[in-house]
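*Asks:* sharing a sequence plus its predicted fold:
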Amino acid sequence: MQNKLKYIILLLLLLFVFSLILKAKNNDNIETTDSTYYSIAIHDNYYEIESENFLTELANKTLPKNKYNIVFIFIIIIFIITIISVVIFIYSFKLFIAGIDFRKKMLKSDYTDYINEYLFADTSIDEISVIFSNVNTKFRKNILIGVLIELYMNFTGDTQKNIQILYKKLKLDIHSEEKLSSKMWNIKLLGMKELSIMQAKRGNKKILKILNSKNDILRKESQLVLVKLLPFVPFAFLDALEKPFSLWEQINIYNLIINENIEQPEYSLWLNSKNNSVVIFALRMIMDLRQIDSINTIVLLLKHKDSEVRKYAIITLGKIGDFSTAKHLIKMYETEHCIFKPLIIKSLSKMSEPKNIEFFVSLLSCNHYEIRLQSCYAIKNIGRIGLVKLNEILNIENTDKEIKKSILHVLDKLNIN
């Protein structure tokens, strides 16, 4: 690219000079009554000029008289100057970047050596603090933090703890916290990651504010960071969460809990949250952990205004499988929308309660295929009593053909031609 610019500039210069020569030649052939002839005589290696205004007259003769040609030449000159300026700027910028990179490499090498002495030699933390006392600019602090994080990732155990201690001793956590106030989202993200890796809790209040950011990346990262940084109550961020807690964010939190072996709370604490997505997350976690102490609160959610909350409350009760909740689900069935009725029956079937068999039998006459089918499965899941009941219904002559098809389907006796 740079070689092409050189050739273009050279070509433009040649064209400009060539145009001036042609114009001068044309002007020599035109004689006017008012024109004045000037000559240059050569004597003893110097020029003798017959007119003091030779240069002015030469310019008048060689430069074009047409105003449009003058404008064109002026544009060419401006263009050439611009190209030259751009080339100079590019070279200067490259030199500037190369200088910064070189300086970074030198500082990174020095900082790495000093930190290794602290970690594996006899250098005390006070001595290393004195060595790093000249790290007083953002440029140097960022490089030092980068070195600390890189070393932290490459070690484990006590070495990692010593790196975290050094990070806080040098008060680099203050610098990381300042990044949280930046207007640039990527700087905020960097600050959160630094504080999270180094387990520095001084920025928690600012991170809580970022929790409801419009930026999806910042919001997701702040959730993960707060789980790591909040002392004793790593899930307290759920109380401050106002934005919808997406499924992807919930999966990230769940993976973090598993990977970091984080102690889990009683998720019933968030079943009364104003944020419906938080309630659904709590229900999912209760279902996964089978926190049966939450049953009474979950039953109350069967009357929740939000249909998704009701849906997950039904699923969770079925997953827990406590017999005492069956009566609440049966009562809910009478008033619930048709969409959720098969789900209610499915949850009831997981409880395998013989007392519910008559309720399921009463649903077999329903015109809704899915309700009828789930009722057959529910009767079957009760066990031997349920199987006997299905066969009895199957052998009754006046039993509806659709009911028989559903029963045969559940009993795997349906012949499909």
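*Replies:* Ah, there it is.
*Asks:* could you double-check that Ser294 sits in contact with Leu269?
*Replies:* No - in this structure, Ser294 is not within contact of Leu269 by Cβ atoms under 8 Å, at 9.3 Å. (Each C-beta comes from the backbone N, C-alpha and C, glycine too.)
*Asks:* so these two - more neighbours on which side?
*Replies:* Ser294 (23 against 16; other Cβ atoms under 10 Å).
*Asks:* ok, for the more buried one, nearest residue in space, not its chain neighbours?
*Replies:* Spatially, and ignoring its direct neighbours in sequence, Ser294 is nearest to Ser268 (3.8 Å; Cβ to Cβ, 6 or more residues apart in numbering).
*Asks:* quick check on that neighbour: phi, psi?
*Replies:* phi -60, psi -20 (degrees, to the nearest 10).
*Asks:* how about the one 4 residues further on?
*Replies:* The main-chain torsion angles of Asn272 are listed as degrees, to the nearest 10 and equal phi -100, psi 10.
*Asks:* how about whichever strand or helix holds Ile357: buried residues?
*Replies:* Per DSSP states H and E: Ile357 is located in helix 357-362. By 16 or more other Cβ atoms under 10 Å, the buried positions in helix 357-362 come out as Phe359, Phe360, Val361.
*Asks:* cool, stretch 385-402 as well?
*Replies:* Within stretch 385-402, the residues that count as buried by 16+ other Cβ under 10 Å are Gly386, Lys389, Leu390, Ile393.
*Asks:* dump it to CSV, restricted to CA.
*Replies:* What follows is stretch 385-402, C-alpha atoms only, in CSV (Å, rounded to 0.1, in the frame of the first residue of the first chain):
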residue,chain,number,x,y,z
ILE,A,385,-54.2,-51.0,40.5
GLY,A,386,-53.9,-48.6,37.6
LEU,A,387,-53.3,-51.3,35.0
VAL,A,388,-56.2,-53.3,36.2
LYS,A,389,-58.4,-50.2,35.9
LEU,A,390,-57.3,-49.5,32.3
ASN,A,391,-58.0,-53.1,31.3
GLU,A,392,-61.5,-52.9,32.9
ILE,A,393,-62.3,-49.8,30.9
LEU,A,394,-60.9,-51.4,27.7
ASN,A,395,-63.1,-54.5,28.1
ILE,A,396,-66.4,-52.5,28.5
GLU,A,397,-68.3,-52.8,25.3
ASN,A,398,-69.7,-49.3,25.1
THR,A,399,-66.4,-47.6,25.9
ASP,A,400,-65.7,-44.9,23.4
LYS,A,401,-63.4,-45.8,20.5
GLU,A,402,-61.1,-42.8,21.1
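*Asks:* contacts for that stretch next, please.
*Replies:* The contact list for stretch 385-402 (Cβ atoms under 8 Å, 6 or more residues apart in numbering) reads 354, 357, 361, 364-365, 369, 372, 376, 378-380, 382, 403-404, 407-408, 410-411.
*Asks:* who are the packing partners of the longest helix seen in the chain?
*Replies:* As assigned by DSSP state H, the longest helix anywhere in the chain is helix 67-120. Packing partners of helix 67-120 (3 or more Cβ pairs under 8 Å, 6 or more residues apart in numbering; DSSP states H and E): helix 2-28, helix 125-131, helix 138-154, helix 157-169.
*Asks:* what residues are up against Trp270?
*Replies:* By Cβ under 8 Å, 6+ apart, Trp270 lies in contact with Phe235, Leu238, Asp239, Val278, Val279, Phe281, Ala282.
*Asks:* out of those, who's the most crowded?
*Replies:* Tallying neighbours with other Cβ under 10 Å puts Ala282 at the head of these, with 29 neighbours.
*Asks:* surely that residue meets Glu266?
*Replies:* No - in this structure Ala282 lies outside contact range of Glu266 using Cβ under 8 Å: 9.4 Å.
*Asks:* on that earlier part again, in a markdown table, list the buried residues of helix 357-362 along with distance to Leu170.
*Replies:* Shown next, in a markdown table, are the buried residues of helix 357-362 (distance: Cβ to Cβ, whole Å):
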| residue | distance to Leu170 |
| --- | --- |
| Phe359 | 69 |
| Phe360 | 69 |
| Val361 | 74 |
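*Asks:* SS state for the spatially most central residue of the chain?
*Replies:* Nearest to the mean C-alpha position of the chain, counting by Cα atoms, centre = their mean, stands Ile217 at 3.1 Å. Secondary structure for Ile217, judged by DSSP: H, G, I helix; E, B strand; the rest coil, is helix.
*Asks:* so who does it touch?
*Replies:* Counting by Cβ under 8 Å, 6+ apart, Ile217 has contacts Trp185, Leu189.
*Asks:* buried residues in the helix or strand harbouring Glu221?
*Replies:* Using DSSP H and E, Glu221 sits in helix 216-229. Across helix 216-229, burial judged by 16+ other Cβ under 10 Å covers Leu218, Arg219, Lys220, Glu221, Ser222, Gln223, Leu224, Val225, Leu226, Val227, Leu229.
*Asks:* next SSE after that helix?
*Replies:* That would be, after helix 216-229 and using DSSP H and E, helix 237-240.
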